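Enquirer: Whatever this is, show me its structure:
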Amino acid sequence: MYKSLIRPMLFRMDPENIHQLIFDGLKFYKHLPPARSVMKSRMHSGLVLKDLRFRSRIGLAAGLDKGAEVYDELADFGFGFIEIGTITPNRQYGNPKPRIFRLVEDESLISRTGFNNPGIRVILERLADSLHRKYVLGANINRDPTSTGKGIVDDFLLLFEKLYDEVDYFTINWGSIDPKDFEAVIEALTIYRQDKSMCRKIFIKLPADIPMEVVDKVVVLARKYQTDGFIATGPTMDRGGLKFLTTIESDSIGAGGVSGKGIGDKSRKVVQYLAAQVKGEFIIIGAGGIMTPRDAVAMIASGADLIQIYSAFIYEGPGIVKAMDRALSRDK
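Expert: Modelled structure (predicted):
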């Protein structure tokens, strides 16, 4: 029903207008307890990893609910974990619109949204009622775009401190800041959590185009500071996997990263390499190019402990979460 009736109507609209329409609907749905009780899923593939209890192996990647507006309602569709953000200390408006481009035939998205989010003060207000959740909540954090030098570390540390008692894990994006600054950030966060009774988890998110020799360096860094896992991967800058996008169309779109089916097997290859290197030492979350239940099974078989989706939720609809969970349960 979603793909045959609802999606064609939605896809006539600008992607960000659809996004707002869906969020408005979820905010209304929030006040319908009977509907929520019907919608809430019983998932089959729960597990415990590093003291985090995941009711499902399937999570929602950062980027959909950047401002922590409807994370609790989205969890009703069966996600075992939700990642909000990217969050910065101060409000950011992101890049000029249009900045999200839907490639229907390729089942992909090209986006260059930037760090658009309402900032930490608003995020904290929206997280006030989330403490009794039954799913894992993560936050993807980053600096303000104008921050430099020591200000970069200060930005990350501020977000880490403010959100520490509100979320279960944090994600830091490799490649979003200089490697030297990245290590300084990880060191500062590690020192901060040493004095806390609850050890919030830290994940490093890798880009799809990362060379394997750089993966080796990131693993060394993760071991040095005892981070907890990796998310592999974010979008790719390579458009070679987009079979239906012409050169003229690509040029007219301009800059942007590819997510969805157009990532191809880049993410899975990074996961395979990581799994061989770390041998269960870290949690590995597979992300990127997971569009079908078969893709989900293949990512877990490649060495991922969990998966994250985004584009599949847009292209296949909410039912894809249950479908993937069933597939993973059968494959155990």
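Enquirer: Let's test this: name the helix or strand in the protein with the lowest mean pLDDT.
Expert: Least confident helix or strand of the chain, by mean pLDDT, DSSP states H and E, is helix 33-39 with a mean of 79.
Enquirer: How far off centre is that helix?
Expert: Distance, stretch centre to chain centre, for helix 33-39: 26 Å (C-alpha atoms, centre = their mean, to the nearest Å).
Enquirer: With only the CA atoms kept, save that helix in CSV.
Expert: C-alpha atoms of helix 33-39 as CSV (Å, rounded to 0.1, in the frame of the first residue of the first chain):
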residue,chain,number,x,y,z
PRO,A,33,-2.5,6.4,22.9
PRO,A,34,-4.8,3.7,21.4
ALA,A,35,-3.2,4.1,18.0
ARG,A,36,0.2,4.0,19.5
SER,A,37,-0.5,0.8,21.4
VAL,A,38,-1.7,-0.8,18.2
MET,A,39,1.4,0.4,16.3
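Enquirer: Report the next helix or strand after that helix in sequence order.
Expert: strand 47-49 (DSSP states H and E).
Enquirer: now the helices for the stretch 101-250 of the chain?
Expert: 120-126, 150-163, 179-194, 212-225, 247-253 (DSSP state H, counting those that start in this stretch).
Enquirer: measure the residue lying farthest from the centre of the chain to residue 96 for me?
Expert: Residue farthest from the centre of the chain, counting by C-alpha atoms, centre = their mean, is residue 248 at 30.2 Å. Counting by C-beta to C-beta, to the nearest Å, the separation of residue 248 from residue 96 is 21 Å. Bear in mind the C-beta positions are built from the backbone N, C-alpha and C, glycine included.
Enquirer: now residue 51
Expert: As judged by C-beta to C-beta, residue 51 and residue 96 stand 43 Å apart.
Enquirer: Could you do residue 261 as well?
Expert: When residue 261 is compared with residue 96 (using C-beta to C-beta), they lie 27 Å apart.
Enquirer: So for those two, which residue has more residues nearby?
Expert: Between residue 261 and residue 96, residue 261 has the larger neighbour count (other C-beta atoms under 10 Å), namely 24 against 8.
Enquirer: didn't the more buried one look like it was pressed against residue 241?
Expert: Yes: at 7.5 Å, residue 261 and residue 241 qualify as touching, with contact defined as C-beta atoms under 8 Å.
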